[in-house]
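Engineer: After the sequence you'll find the predicted model.
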Amino acid sequence: MANAQHAEKPETPRTRPRGFAARAGGWSAQHRWAAVGIWVLFVLVSMVAGSAMGRQDIDGSQQLKGETTQAARIAERAGIEEPVSESVLVQARDGALKTSAPEFRAAVDAVIKAVEATGEVTAVTSPYTSRSISKDGRSALVQFDMRGDPDTSTERIEPVLKAVKGVQADHSELRIEQIGGASMTKTFDDAFGDDFRQAELSAVPVALGILLIAFGALVAALLPVALAISAIMATMGLVAVVSHIMPMSETANSVMLLVGLAVGVDYCLFYLRREREERAAGRDARTAMQIAAATSGRAIVVSGVTVCVAMAGMLFTGIGEFESMGLASLMVVAVAMVGSVTVLPALLSLLGDRVEKGRVPFIGKLKGGANGESRFWSAVLGRVLKRPVISLLVATGALVAVALPALGMKTQELKLNQEFGDSLPIVATYERINEAFPGGAEPAEVVVKADDINTGPVKRAIAEFRERAVTSGASGGPVEVVTHDAENLAFVYVPLTGGADQDEAAKSLDLLRDEVRPATLGKVDGVEAPITGQVAGSKDFNDQITGAVTPVFVFVVVFAFVLMLLSFRSLTIAVTSIVLNLLSVGAAYGILTAVFQHGWGASLVGAEGVGAIVAWLPLFLFVILFGLSMDYHVFVVSRIREARMQGRTTRDAITHGVVTTAGVVTSAAVIMVAVFAIFGTLSMQSMKQMGVGLAAAVLIDATVIRGVLLPAAMALLGERNWYFPKWLEWLPDMTHDESGPQAPDAVVGHDDESRTPVAV
């Protein structure tokens, strides 16, 4: 009986595994409890360390380079924390009542008394003393600052909002509305804060549900999700520790969750599928684990390193928000990659066939067709390989057509009405203030630093700057000056001509920076006068993003090319990898531009055309998508090359590689699309754009790119796929463990299973 079994399942030669993934998987499978214990200890220690140290958040002076950062640092060094400013618009509803009318004055006085009575405000100014009255005489602004810590002002704004609403109830003939930093933040947090958190929490159950369908077993579905969550938890702790060296942002946490869940689930999915596939093909548990470690494990390592390199591209932007997102994403990918090739083999070894416990009724077992092959993709691939030229031309033409709108892409920081539409009353208030007081809602802020702020030349220069800001047309006034004598600082607030029109406001800003300032403040020795504010911050951000595009692009593409070259030892594979990924990113850009800039089909995704793409998104999408696309590409091409190294013809290897990975790639893509699509349902336009862009790109990448373009291109190239010029022979060989520890048995579903593998 033993001999018969031995004949059916020949024993694998016990050779020492080569490569990190194979060695790590082998060690973990043999030392199961030790591997699990080390992982659990690592997660716990990371969480405890992060909790004990706390997270250091990024501040304004670390966000950007240029004048915006210079102004923030001057104020920071002087120990001045600018208070959060609020304004109350008092406006005649029918336009008949003027600010000079007794009823109007009575309403203004009532607003001042009401907000002062709350005890939460300071520096309340009447429009009759500050000249905050519109040119048509029908609108006025009561202005004040919030007391206490600016960071906690939203917690104290509610009584002030209620006081203003009370005055509105007593003066129905007027429009009395409040707006400012604290009131806007609170309004948006109340409206969208829970919405955003709910989207993050929904990502996990959505992924679990899709995995249940993919695997048909509760244990198998829980395993990738549990490992991904543990990787995210560990990384959150590590990020908190690292934040004391490089401060982090709230946005980095959300991006880390998205990326961590996506790659964590994907990596476990790849490994688990291959191990189950080998077991279904008759391998014993140890052999199946060795093959999975040497093949899928290696693909995970190559993919993980490539994704890390792509994420590292964000570090070249010089923008604090991007740098924190890039570092957090890089860390979670690295942790998920290490976990997948270490603790996952130990868990699979411990569970054995129990990984298929908790069968879901009416869902098939953990396999597709024979040998895990997808019947649907087998049919598609048959047609693609039958007519590769037509398939290549049609697919490429379709993607180029989809990408064409991106040539006219316009990027900008979205205005309030673009970001939130007309869903909130405060957006209408913002527009009314900008109409009555152009630029008043978002004035430019000049931070004047001098050795002595009260000397004659400095005071005259500030006065001349105020005058020229208006006479030059950069501002319609009034220009307000707040002086801090002890710190030798002055803050000059300049409402910009153009108001809510970002392009016109940017021209006014350029006029201040390039003409008005040099002719006034610039003539006084020892005076610094950087200009900041919302418009300035947006312009500086756009300029820095634009300047970062080339170095980030070059870094990501060059390093991805080198990694592909070393991992597959093929110049052709490296080139086609880059070209296909760029096609995928270009198509995503085209969809974004068509839907959100031009409004084509926007209603289908619950959006509307707003005339622009949020400034940070194109670069962010490029880095994220280029990294995530490599997940699928490395996995599919690794399987194709593995089959080729075992003696199959290139066409047979393509067929085998694509159809045996199609099921897992489809499952992984569906999870990513579903998770990203959740963010596409949020009310904020920038989140919609991010969610739809990522979801569309992943869908295109997993279907058109991997299912049609890749096999068609490889079929046409034939043996040239494996071209590696002699002058590159000096490069290190990183392909040694690709065919696994049992190359002959790795070829399944054929009569020639005993075929001797081609040496790598």
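Structural biologist: Great, that's in hand.
Engineer: Please enumerate the helices of the stretch 51-200 of the chain.
Structural biologist: For the stretch 51-200 of the chain, the helices defined by DSSP state H, counting those that start in this stretch occupy 67-77, 102-117, 127-130, 158-170, 181-188, 194-215.
Engineer: same for the helix or strand Ala252 falls within, what does it pack against?
Structural biologist: Counting by DSSP states H and E, the element that carries Ala252 is helix 250-280. Packing partners of helix 250-280 (3 or more Cβ pairs under 8 Å, 6 or more residues apart in numbering; DSSP states H and E): helix 194-215, helix 218-242, helix 285-294, helix 296-312, helix 320-351, helix 617-645, helix 650-680. Heads up, the C-betas are built off the backbone N, CA and C, glycines and all.
Engineer: any weak-confidence spans in the stretch 501-650 of the chain?
Structural biologist: 501 (pLDDT under 70).
Engineer: just the helices in it please.
Structural biologist: Under DSSP H, counting those that start in this stretch, the stretch 501-650 of the chain gives helices at 502-511, 517-519, 534-568, 571-592, 617-645, 650-680.
Engineer: So which of these is nearest Ser324?
Structural biologist: helix 617-645 (12.4 Å; Cβ to Cβ).
Engineer: got the angle between the closest one and helix 320-351?
Structural biologist: Between helix 617-645 and helix 320-351, the angle formed by their directions is 30 degrees, by axes from the mean of the first three to the mean of the last three Cα atoms, to 10 degrees.
Engineer: Between helix 296-312 and helix 617-645, find me the angle.
Structural biologist: Using the same axes, to 10 degrees, helix 617-645 lies at 160 degrees relative to helix 296-312.
Engineer: list the helices and strands helix 617-645 packs on?
Structural biologist: Looks like helix 617-645 contacts helix 250-280, helix 296-312, helix 320-351, helix 534-568, helix 571-592, helix 650-680, helix 685-700, helix 710-717 (3+ Cβ pairs under 8 Å, 6+ apart).
Engineer: I'd like the distance from it to the chain centre, please.
Structural biologist: Distance of helix 617-645 from its chain centroid, counting by Cα atoms, centre = their mean, to the nearest Å, is 18 Å.
Engineer: Then stretch 217-229?
Structural biologist: Per Cα atoms, centre = their mean, the centroid offset for stretch 217-229 relative to its chain is 24 Å.
Engineer: Can you tell me what sits against that stretch?
Structural biologist: 204, 207-208, 211-212, 214-215, 260-261, 263-265, 267-269, 272, 276, 336, 339-340, 343-344, 347, 351, 354-360, 366 (Cβ atoms under 8 Å, 6 or more residues apart in numbering).
Engineer: got the buried residues for that stretch?
Structural biologist: Ala217, Leu218, Val219, Ala220, Ala221, Leu222, Leu223, Pro224, Val225, Leu227, Ala228, Ile229 (16 or more other Cβ atoms under 10 Å).
Engineer: Take the residues you listed and write them to a markdown table, including pLDDT.
Structural biologist: Listed next are the buried residues of stretch 217-229 as a markdown table, based on pLDDT from 0 to 100:
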| residue | pLDDT |
| --- | --- |
| Ala217 | 78 |
| Leu218 | 83 |
| Val219 | 85 |
| Ala220 | 82 |
| Ala221 | 84 |
| Leu222 | 87 |
| Leu223 | 88 |
| Pro224 | 87 |
| Val225 | 87 |
| Leu227 | 90 |
| Ala228 | 89 |
| Ile229 | 91 |
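Engineer: Alright, that wraps it up for me.
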